[in-house]
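**Q** I would like to see how this sequence folds:
(one chain, ligands or ions: 1)
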Amino acid sequence: MNEMTTKPLLKITDLSIAFRDRKLIQHLNLTVQPGEFLAIIGENGVGKTTLIRTVTGQRKPEGGTIQFDVPAKKMRFGYVPQFRNISEEYPLSMRDFVELNLLHLRPWLTKKEHQRVTNVLTEVGIENIDNTSMGQASGGEKQKAYLAQAIVNEPRLLILDESTASLDVEAKNELMGLVKKLNQQDGLTVLFITHDLPLAKKYADQFLLIRRNGQYEEKPIDQLDTTQDIQ
Ligand SMILES: Nc1ncnc2c1ncn2[C@@H]1O[C@H](COP(=O)(O)OP(=O)(O)OP(=O)(O)O)[C@@H](O)[C@H]1O
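**A** Prediction:
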């Protein structure tokens with residue numbers, strides 16, 4: 001065996017996803033290497049979010065297998081959702097919001113965890129507004145808080161589910177720049193669902209394009225045609 005071969009972090013084999021007789025993804029084979037940055041693209045309704053829910057174990061596939069380089073129970077995911085406006089009355093501060101992802105362990109934080117929260121707030125550049133309430137923060141700041149919350153428990157796989165949609169160009173690039181830094185410096189593996197093809201091209205290494213008929217292609221990002229219409 002070639003000693004240089006690394007075990008894929010994620011290996012999807014012959015995966016099929018359907019809702020009753022509505023077939024979405026069919027016979028998908030995909031490997032994601034540790035440290036890879038994969039953009040997942042495709043028109044509305046082709047099954048991108050359902051694929052992610054299947055990868056994270058929230059739903060069972062209709063066929064095929066999903067394997068990680070550790071037992072599935074031990075796999076740690078980070079998830080950054082699409083931007084949604086939060087009520088201005090939302091009471092939690094940016095820091096409280098990030099801490100939520102550690103408080104499921106017990107209702108308080110250890111000194112080490114408190115330091116970890118400070119570190120991730122600094123890493124995403126919101127440590128100076130950590131007492132601002134989430135409801136008062138700008139869209140870009142809210143997404144940074146979601147990113148900090150996603151990375152606070154040191155995920156192996158970071159999932160961005162249209163996390164840059166509705167942000168302005170500057171905020172999009174700021175968020176993706178932070179993600180790219182985590183990817184390059186810490187080797188964090190990233191799955192980035194997006195409709196923004198130029199943004200995918202700028203930051204990802206590979207792309208998975210899922211088509212409406214269940215077919216797909218996976219290629220290096222430099223082969224992505226950013227002029228095609230994928231809405
Ligand atoms: N629980 C469910 N029961 C039945 N159909 C569902 C269910 N969840 C999703 N669907 C359907 O499956 C299809 C794929 O949905 P999904 O959200 O995975 O697509 P998507 O590619 O992420 O789309 P978008 O780009 O719009 O977010 C859609 O037509 C959706 O309506």
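**Q** And the helices in the chain, which stretches?
**A** 48-55, 94-99, 111-123, 139-151, 169-186, 197-203 (DSSP state H).
**Q** List the buried residues of the first one.
**A** To tie it back to what came earlier, the one meant is helix 48-55. For helix 48-55, burial by neighbour count (16 or more other Cβ atoms under 10 Å) applies to 48, 50-52, 54-55. Where C-beta positions appear, they are placed from N, C-alpha and C, glycine not excepted.
**Q** Dump the residues you listed into CSV; add pLDDT and distance to the ligand as well.
**A** Formatted as CSV, the buried residues of helix 48-55 follow (pLDDT from 0 to 100; distance: Cβ to the nearest ligand atom, whole Å):
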residue, pLDDT, distance to the ligand
48, 95, 4
50, 96, 3
51, 96, 7
52, 96, 8
54, 97, 9
55, 97, 12
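**Q** Rebuild these as JSON lines, extending it with distance to residue 209.
**A** Converted to JSON lines, the buried residues of helix 48-55 look like this (distance: Cβ to Cβ, whole Å):
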{"residue": "48", "distance to residue 209": "10"}
{"residue": "50", "distance to residue 209": "16"}
{"residue": "51", "distance to residue 209": "12"}
{"residue": "52", "distance to residue 209": "16"}
{"residue": "54", "distance to residue 209": "18"}
{"residue": "55", "distance to residue 209": "17"}
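**Q** is it true that residue 148 touches residue 125?
**A** No - counting by Cβ atoms under 8 Å, residue 148 stays clear of residue 125, with 9.4 Å between them.
**Q** So between the two, which is more surrounded?
**A** Relative neighbour count places residue 148 above the other of residue 148 and residue 125, with 29 against 13, counting by other Cβ atoms under 10 Å.
**Q** Provide a list of residues in contact with the residue nearest to the spatial centre of the chain.
**A** Note on the chain: the residue nearest the mean C-alpha position is residue 159, at 1.4 Å, using Cα atoms, centre = their mean. Residues near residue 159 by Cβ atoms under 8 Å, 6 or more residues apart in numbering: 52, 55-56, 77-80, 190-191, 193.
**Q** outside of the helix or strand of the chain with the lowest mean pLDDT, which residues touch it?
**A** Taking mean pLDDT, DSSP states H and E as the measure, the chain has strand 22-23 as its least confident helix or strand, at a mean of 90. Applying Cβ under 8 Å, 6+ apart, the external contacts of strand 22-23 come out as 16-17, 214.
**Q** which ones among the residues you listed are found in strands?
**A** Among the contacts of strand 22-23, DSSP state E puts residue 16 in strands.
**Q** Show me how to select, in ChimeraX, the buried members of the contacts of strand 22-23.
**A** Applying 16+ other Cβ under 10 Å to these, the buried members can be selected in ChimeraX as follows:
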select :16,17,214
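**Q** need the contacts of strand 22-23 in a markdown table with distance to the ligand, can you?
**A** Output for those, formatted as a markdown table (distance: Cβ to the nearest ligand atom, whole Å):
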| residue | distance to the ligand |
| --- | --- |
| 16 | 13 |
| 17 | 8 |
| 214 | 11 |
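**Q** Dump the contacts of strand 22-23 to TSV, plus pLDDT.
**A** Shown next, in TSV, are the contacts of strand 22-23 (pLDDT from 0 to 100):
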residue	pLDDT
16	95
17	95
214	84
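**Q** before we move on, the earlier item: right, so the helices of the chain: which one is the most enclosed?
**A** Counting by mean count of other Cβ atoms under 10 Å, helix 139-151 has the highest mean neighbour count of these, with a mean of 23.
**Q** Could I get the CA-only coordinates of stretch 8-23 as PDB?
**A** Extracted C-alpha coordinates of stretch 8-23, given in PDB (Å, rounded to 0.1, in the frame of the first residue of the first chain):
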ATOM      1  CA  PRO A   8     -10.500  10.000   3.500                       C
ATOM      2  CA  LEU A   9     -12.200  11.900   6.200                       C
ATOM      3  CA  LEU A  10     -15.500  11.200   4.500                       C
ATOM      4  CA  LYS A  11     -16.300   8.400   2.100                       C
ATOM      5  CA  ILE A  12     -19.700   8.200   0.500                       C
ATOM      6  CA  THR A  13     -20.400   5.000  -1.500                       C
ATOM      7  CA  ASP A  14     -23.300   4.400  -3.900                       C
ATOM      8  CA  LEU A  15     -25.500   6.800  -1.900                       C
ATOM      9  CA  SER A  16     -29.200   7.300  -2.900                       C
ATOM     10  CA  ILE A  17     -31.600   9.800  -1.400                       C
ATOM     11  CA  ALA A  18     -35.300  10.000  -2.100                       C
ATOM     12  CA  PHE A  19     -38.500  11.200  -0.600                       C
ATOM     13  CA  ARG A  20     -41.000   8.400  -1.300                       C
ATOM     14  CA  ASP A  21     -40.900   8.100  -5.100                       C
ATOM     15  CA  ARG A  22     -39.200  11.400  -5.600                       C
ATOM     16  CA  LYS A  23     -35.600  10.500  -6.300                       C
END
